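Visitor: structure for this input, please:
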Amino acid sequence: MQAVKMVVTGPFNSGKTQFIQAISEIDVVSTERKISSDAEKVKDNTTVAMDFGRITVDDELILYLFGTPGQKRFDFMWEILSEGMLGFVVMVDSTRPETFREAKSILETFRAYAPTPYVVAANKQDHPEAWELDDLRIALRLDPAIKLLPCVATDREKVKSVLLELLYSILAEMEKS
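Guide: Next up, the predicted model:
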């Protein structure tokens, strides 16, 4: 049995917890706490350490999903969670351009932790105000070779599609070595 560790990261409220909850075959282990500051009251809770989910792909492959906290004050967890990862997903809320610079910064931080394959998931693509993928690619200054994938974090099939693309990238990388 092969276990693959993947990390799901991105800015605060980009959909990381929902992404993992949509696909995990176990109840997601979550370390959420009530938000005490009114400045970030777009939701009631925030991840303070991690979210954890699991997917059995087949008899030989299990994916372990670790979701990072999105708030800067919990970024000390990022390096810890990145240890041993074979790839990562950067979640971007495509309806909130004010978070794009932070998403790019998080992407670069995780690339520095481990030069593993990654994909960028453009969340909330079902919303009318969501940025088009081409515009989002320009805003995030993503190389054309980087997979920028449409996503709806609450839609199991969309989440599965993002994870499969990441898995294909990981397998392609493993074949090179």
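Visitor: so where's this structure shaky on pLDDT?
Guide: Scanning the chain for pLDDT under 70 picks out the ranges 31-49.
Visitor: which single helix of it contains the most residues?
Guide: helix 156-176 (DSSP state H).
Visitor: do a quick rundown of the strands in the chain.
Guide: Under the criterion DSSP state E, the chain contains strands at 2-9, 29-34, 45-58, 61-67, 87-93, 118-123, 148-150.
Visitor: show me which residues of stretch 88-105 are buried.
Guide: Burial within stretch 88-105, assessed by neighbour count using 16 or more other CB atoms under 10 Å, is assigned to 88-96, 99-100, 102-104. From N, CA and C alone the C-beta is placed, and that goes for glycine too.
Visitor: tell me the helices and strands packed up against the longest helix of the chain.
Guide: With contacts defined as 3 or more CB pairs under 8 Å, 6 or more residues apart in numbering; DSSP states H and E, helix 156-176 has these neighbours: strand 2-9, helix 16-23, strand 61-67, strand 87-93, strand 118-123, strand 148-150.
Visitor: on that earlier part again, got the strands of the chain as CSV, with distance to residue 130 columns?
Guide: Formatted as CSV, the strands of the chain follow (distance: least, CB to CB, whole Å):
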stretch, distance to residue 130
strand 2-9, 19
strand 29-34, 25
strand 45-58, 23
strand 61-67, 21
strand 87-93, 9
strand 118-123, 7
strand 148-150, 9
